[in-house]
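# 3D model of this:
(one chain, ligands or ions: 2)
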Amino acid sequence: MNNTPVFDYEDIQLVPNKCIIKSRSEADTSVKFGKHTFRLPVVPANMQTIIDEEIAEYLAKNDYFYIMHRFDEEARRPFIEKMKAQGLISSISVGVKDNEYRFIDELAEAGLVPDYITIDIAHGHSDSVINMIKYIKEKLPESFVIAGNVGTPEAVRELENAGADATKVGIGPGKVCITKVKTGFGTGGWQLAAVRLCAKAARKPIIADGGIRTHGDIAKSVRFGASMVMVGSLFAAHEESPGKTVEVDGQLFKEYYGSASEYQKGEHKNVEGKKILLPHKGNLQDTLTEMEQDLQSSISYAGGKDLESLTKVDYVIVKNSIWNGDSI
Ligand SMILES: NC(=O)C1=CN([C@@H]2O[C@H](COP(=O)(O)OP(=O)(O)OC[C@H]3O[C@@H](n4cnc5c(N)ncnc54)[C@H](OP(=O)(O)O)[C@@H]3O)[C@@H](O)[C@H]2O)C=CC1
Ligand SMILES: Nc1nc2c(ncn2[C@@H]2O[C@H](COP(=O)(O)O)[C@@H](O)[C@H]2O)c(=O)[nH]1
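Ligands and ions are numbered 1, 2, ... in the order given. Prediction:
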């Protein structure tokens, strides 16, 4: 490992190629993921302050990928039924505890097959996740199973071999994550290099999860092998976001907290997440639109017409110097 070059998003710049389109609007940002095609290779994090049923429905209706979080267990079955009744994709999360096996049984018995099921566990390279992948694949073979999170090529291969249709990469790079400081482990500080290593080993799609701080980081994730990019903090604090609104000195903020924080867990046990306040950002669609436009621009700099062109561009390592003291 110590001979492997490591870098993070801000250490990399992609090198432009000659443009072949007349307008950025010609660039196609759509991605096929599983059986469906989505407008962007981006999915909001399956966290309680990022997504709720209303946002999920909005995203599905507008051809964006979504993953509903797993923290309101009883709501999941009616949510799948509601989405199916509207002809929308159903995409839920599960854990690995005993009750989750009963939930999978319940869905299988009712013939309710979610289009996507994400196994959402901090340390995904584990027998508990492998067993859950196998169980879902046996009971609901038509569901597309995303398993995570992992940070190594070995973990990607093992979860794929167990039957996962995609793996999610990122241990500790998240904005509200404290895993890196509490445990000393993870991909924090070298998440983009970890995505690259995992993608090289993967035979199926990977999702880069955590550490996205700018829209350019989405293009970089695709360059280094991600099919999809999971985004938390950039989607937090919108008008529609479920996080609580807080006023400080006349300014509006919204809460964004970790799924392993005491605010999510309701107790201070095995805490690996924190809560932050982010300035209120306006409408979610405005951010999605800007993301799409920025990605179209990335594609034009790549010298292509679609996401595929991003995967081949050259890059340089400019250690931590992109910002040069500036911010957006
Ligand atoms: N991407 C990331 O970097 C991280 C994400 N998270 C998020 O936090 C949420 C909670 O995650 P998680 O705590 O896994 O979920 P759960 O609290 O649902 O734990 C799932 C099961 O795994 C066990 N478990 C959890 N961590 C470990 C570990 N390190 N070693 C052995 N067993 C373990 C738990 O037992 P027990 O609690 O008794 O150990 C429990 O039985 C998830 O949404 C996850 O995505 C959390 C940390 C890092
Ligand atoms: N270590 C922890 N990671 C967490 C926690 N809750 C969520 N997450 C991960 O963060 C990303 C989002 O990252 P961001 O940089 O885009 O904000 C999310 O998808 C999870 O993988 C947590 O409590 N601890």
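# could you report the neighbour count for the residue lying closest to residue 49 once chain neighbours are set aside?
Excluding its sequence neighbours, the residue lying closest to residue 49 (C-beta to C-beta, 6 or more residues apart in numbering) is residue 243, at 3.7 Å. Quick note: C-beta positions are derived from backbone N, CA and C, even for glycine. Neighbours of residue 243 under the rule other C-beta atoms under 10 Å: 22.
# can you say which helix or strand has residue 268 in it?
Applying DSSP states H and E as the criterion places residue 268 outside every helix and strand.
# show me the shaky parts of the chain.
For the chain, residues meeting the criterion pLDDT under 70 lie at 320-328.
# let's go with 80 and repeat that
For the chain, the stretches flagged by pLDDT under 80 are 1-3, 319-328.
# need the strands for it, in chain order.
Applying DSSP state E to the chain gives strands spanning 12-14, 31-33, 36-38, 42-44, 91-94, 116-120, 144-150, 166-169, 206-209, 228-231, 245-248, 251-257, 275-279, 315-317.
# export these to TSV and append columns for mean neighbour count.
Below are the strands of the chain laid out as TSV (neighbours: other C-beta atoms under 10 Å):
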stretch	mean neighbour count
strand 12-14	18
strand 31-33	18
strand 36-38	16
strand 42-44	25
strand 91-94	25
strand 116-120	25
strand 144-150	27
strand 166-169	29
strand 206-209	28
strand 228-231	26
strand 245-248	11
strand 251-257	18
strand 275-279	16
strand 315-317	12
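# format those strands as CSV; extra columns: distance to ligand 2.
Output for those, formatted as CSV (distance: least, C-beta to the nearest ligand atom, whole Å):
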stretch, distance to ligand 2
strand 12-14, 17
strand 31-33, 16
strand 36-38, 17
strand 42-44, 9
strand 91-94, 11
strand 116-120, 8
strand 144-150, 6
strand 166-169, 7
strand 206-209, 4
strand 228-231, 5
strand 245-248, 18
strand 251-257, 7
strand 275-279, 9
strand 315-317, 21
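# test my guess that residue 64 contacts residue 39.
Yes. Look at residue 64 against residue 39 with C-beta atoms under 8 Å: they come within range, at 5.6 Å.
# and residue 100, how many neighbours?
Using other C-beta under 10 Å, residue 100 has 19 neighbouring residues.
# go on, residue 213?
16.
# would you mind measuring from it to residue 231?
Distance, residue 213 to residue 231, by C-beta to C-beta, to the nearest Å: 10 Å.
# ok, now which ones touch the residue nearest the centre of the chain?
The residue lying closest to the centre of the chain (C-alpha atoms, centre = their mean) is residue 230, at 1.6 Å. Residues near residue 230 by C-beta atoms under 8 Å, 6 or more residues apart in numbering: 42-46, 67, 168, 170, 207-210, 212.
# the residue nearest to it when sequence neighbours are not counted: what's it in contact with?
Leaving aside its chain neighbours, residue 230 sits nearest to residue 209 (3.9 Å; criterion: C-beta to C-beta, 6+ apart). Going by C-beta under 8 Å, 6+ apart, residue 209 touches 45, 148-149, 168-170, 173-174, 229-230.
# follow-up on the earlier one: how about the contacts made by the residue nearest to residue 49?
Counting by C-beta under 8 Å, 6+ apart, residue 243 makes contact with 49-50, 236-237, 254-257.
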